[in-house]
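K.L.:
quick one: sequence and predicted model below, then my questions.
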Amino acid sequence: MAADFNGEDMLVAECLAAAAEGDFSAYFDLGVAFSTGSHGASCDLVEAHKWFNLAAVSGHEEAAQCRAEVAEDMTAREIAEAQRRARQWLAAANRVSGLKAA
């Protein structure tokens, strides 16, 4: 199945791997990919909001503005789902970093 990936698909996969390692700039890149439906990602505003939110919380200056722009095209329920997914990501990342420290 990996042979089916093209270069753009690999960019999203690489960003996901970098995000899992705590690379905060990858959060923003994933938000861009999901908000525009580029680099092998489908357009998914819930996922875009999640990644922009994570980038903004991590201090990325442009991410908060992008999150607000994406939110304009979302329902309150979609925003709540994006926030729930961001909390899940943070909780999972905290568990993994706790295991690495042990």
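P.N.:
Received it, and whenever you're ready, just let me know what you need.

K.L.:
list the buried residues of the lengthiest helix in the chain.
P.N.:
In the chain, taking DSSP state H as the definition, the longest helix is helix 76-101. Under the neighbour-count criterion of 16 or more other CB atoms under 10 Å, helix 76-101 has 78, 79, 81, 82, 85, 86, 89 buried. Using the backbone N, CA and C atoms, a C-beta is placed for each residue, glycine as well.

K.L.:
quick one: the first one and residue 44 touch, right?
P.N.:
No. Taking CB atoms under 8 Å as the definition, residue 78 is not a contact partner of residue 44, at 10.0 Å.

K.L.:
poorly predicted segments of this protein, please.
P.N.:
The chain contains residues with pLDDT under 70 at 1-9, 96-102.

K.L.:
for burial, what's the neighbour tally of the nearest residue to residue 25 once chain neighbours are set aside?
P.N.:
With sequence-adjacent residues excluded and distances taken as CB to CB, 6 or more residues apart in numbering, residue 25 is closest to residue 60, at 7.1 Å. By the criterion of other CB atoms under 10 Å, residue 60 has 19 neighbours.
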